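Enquirer: next comes the sequence, and after it the predicted model I'd like to discuss.
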Amino acid sequence: MSATAETAIENTHSDEHHGPAKGIARWLFTTNHKDIGSMYLWFSFIMFLLGGCMALTIRAELFQPGLQLIEPEFFNQMTTLHGLIMVFGAVMPAFVGLANWMIPLMVGAPDMALPRMNNWSFWILPFAFSLLVSTLFMEGGAPNFGWTFYAPLSTTYAPDTVTYFIFGVHMMGISSIMGAINVIATILNMRAPGMTLMKMPLFVWTWLITAFLLIAVMPVLAGVVTMMLMDVHFGTSFFNAAGGGDPVLFQHIFWFFGHPEVYIMILPAFGVVSQIIPTFSRKPLFGYHSMVYAVGSIAILSFIVWAHHMFTVGMPLFGELFFMYATMLIAVPTGVKVFNWIATMFRGSLTFETPMLFSIAFVVLFTIGGFSGLMLAIAPSDFQYHDTYFVVAHFHYVLVPGAIFGIFAAVYYWLPKWCGRMYSEALGKWHFWLSFVGMNLAFFPMHFLGLAGMPRRIPDYALQFADFNQISTVGAFMFGSTQLLFLYLVIKAIRSGEPATDQVWESAEGLEWTIPSPAPYHTFSTPPEVK
């Protein structure tokens, strides 16, 4: 065994309860991928609740026309922070947490390749988000320019707290890049003998491709916020037309980051669902190779479609046609994946445990989000839909049933592996159905609001939009409050759940996690048999 592997194993053992690190020091200095994965997951859930409370503030204001609860300025601050916290604080750290927990186990590595950097990349995040949220209590107030922070609104007309926002975004970016380097180094260098690339579980494949996407686009985000910083403090005019700059340049740079970012948030969920559906169908995944190639294709295409967010800026007709057709092309590999998931379930011995319910909902609702995305890809139609609630409905149908349901499915699926105890299946099903109904009540009416012409990011609206807004608000509160049930369920499972057996999920190939890795000290009494 190499010295690196021995060191990693020593670190793994020393960080567990029976090692020298105790109490808070264990969590502050841990290099154990399981501990760090758990911290990412808990942090992301806290951010999910915080961002969710901001969303409920928005929906409460929109329950009826007129200004009821909050000032328009605070409404704009809530929309900005809700978007930023959900994207960078909830979804991305949750998937990094899943990667930390599962990738070493799935490829047969003793730990992540760079354990100290792993620790650092996590501990940057609480400080970054504390900085961002603290702007709410500063003079001038929190950023109020939307989560896309378009210039010159975020430069020339921004509150003074924009500087803290820029620093926070830089810190998030540093964390993401370090996490991505760690994932790539682990997957490419630390696979067990015989674990070729085309034998890796789909979750590992999707994360490998996601990590390359992160390394490609996070420096672009860093670049655009640095240009903002220069415009705000150093007299440059990158985005100020009065000084010879171009506000549309901001949109090009932001969306060159922002569109691949959407796929960074969904690709790991594709991997999760590709693990779960075969297990509960008792069949191997249909079309493994085509799934790998489809994920790669989606990643490459995600770099050439950014300006479909910008059809209304006045680009040339050739530009509109190019971005329209390139966007539609992404539907092909996505359709391959949906077909493969359905083909995996076809004539399988299906059972509908909670992870499978979330996975099936993922496939159905993500496909609805994909169809509304195709509608937005048609340039002349997009002129009508742009900046309406139709766009809000579209991306929430991708991100809530896509990313968030994917995370829920993963937690239910792997929780017995993580803590050695089983959650309550009855409560899990309650959580699923309440989330499913609440989510659809919250976001489906937004399609109709958008088609009727209701613009997004406004605290007041015409009377004709009242009914659908009331339904949306009721659904949002139903979905939000249901997540407290999820919190209770997870804590109850960890503290007093039934002990998990060696084979929690029976599948066609026996236990799903048949992996060459010793069982963690707090899970199974005997490690699962390795094939």
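Expert: Perfect, I can see it now.

Enquirer: quick one: mean pLDDT for the host helix or strand of Phe395?
Expert: Per DSSP states H and E: Phe395 is located in helix 389-398. The pLDDT scores in helix 389-398 average 96.

Enquirer: and what of stretch 340-357?
Expert: 95.

Enquirer: in the helix or strand containing Gly335, which residues are buried?
Expert: Using DSSP H and E, Gly335 sits in helix 331-345. Applying a neighbour-count criterion of 16 or more other Cβ atoms under 10 Å, one finds 331, 333-334, 336-338, 340-341, 344-345 buried in helix 331-345. The C-beta positions use only the backbone N, C-alpha and C, and glycine is treated the same way.

Enquirer: which strands or helices does that helix pack on?
Expert: Packing partners of helix 331-345 (3 or more Cβ pairs under 8 Å, 6 or more residues apart in numbering; DSSP states H and E): helix 247-281, helix 288-301, helix 354-377.

Enquirer: just to revisit the earlier point, just how off-centre is the helix holding Phe395 within its chain?
Expert: The chain centroid and the centroid of helix 389-398 are separated by 15 Å under Cα atoms, centre = their mean, to the nearest Å.

Enquirer: ok, residues contacting it?
Expert: Residues from elsewhere that reach helix 389-398 (Cβ atoms under 8 Å, 6 or more residues apart in numbering): 262, 266, 365-366, 368-370, 372-373, 375-376, 385, 442-444, 446-447, 449-451, 454-456.

Enquirer: change it to 7 Å
Expert: 266, 365-366, 368-369, 372-373, 376, 385, 443, 446-447, 449-451, 454, 456 (Cβ atoms under 7 Å, 6 or more residues apart in numbering).

Enquirer: just stretch 433-450 next, same as before
Expert: By Cβ under 7 Å, 6+ apart, stretch 433-450 touches 361, 372, 385, 388-393, 396-397, 400-401, 465, 468-469, 471-472, 474-476, 478-479, 482.

Enquirer: strands of this structure, start to end?
Expert: With strands called from DSSP state E, the chain shows them at 421-422, 498-499, 506-507, 510-511.

Enquirer: where does this protein have low pLDDT?
Expert: For the chain, the stretches flagged by pLDDT under 70 are 1-21, 506-531.

Enquirer: just want the most central residue of it.
Expert: Using Cα atoms, centre = their mean, the residue of the chain that lies closest to the mean C-alpha position is Val91, 2.9 Å off.

Enquirer: quick one, phi/psi of Pro201?
Expert: Main-chain dihedrals, Pro201, degrees, to the nearest 10: phi -60, psi 150.

Enquirer: nearest residue to it in space, please, no chain neighbours.
Expert: Leaving aside its sequence neighbours, Pro201 sits nearest to Met106 (Cβ to Cβ, 6 or more residues apart in numbering; 4.9 Å).

Enquirer: excluding its backbone neighbours, what's nearest Phe63?
Expert: In space, Phe63 is closest to Thr473, 4.5 Å off (Cβ to Cβ, 6+ apart).

Enquirer: what about that neighbour, how many neighbours?
Expert: As a burial measure, Thr473 scores 21 neighbours (other Cβ atoms under 10 Å).

Enquirer: repeat for Ile253
Expert: Other residues near Ile253 number 20, with proximity taken as other Cβ under 10 Å.
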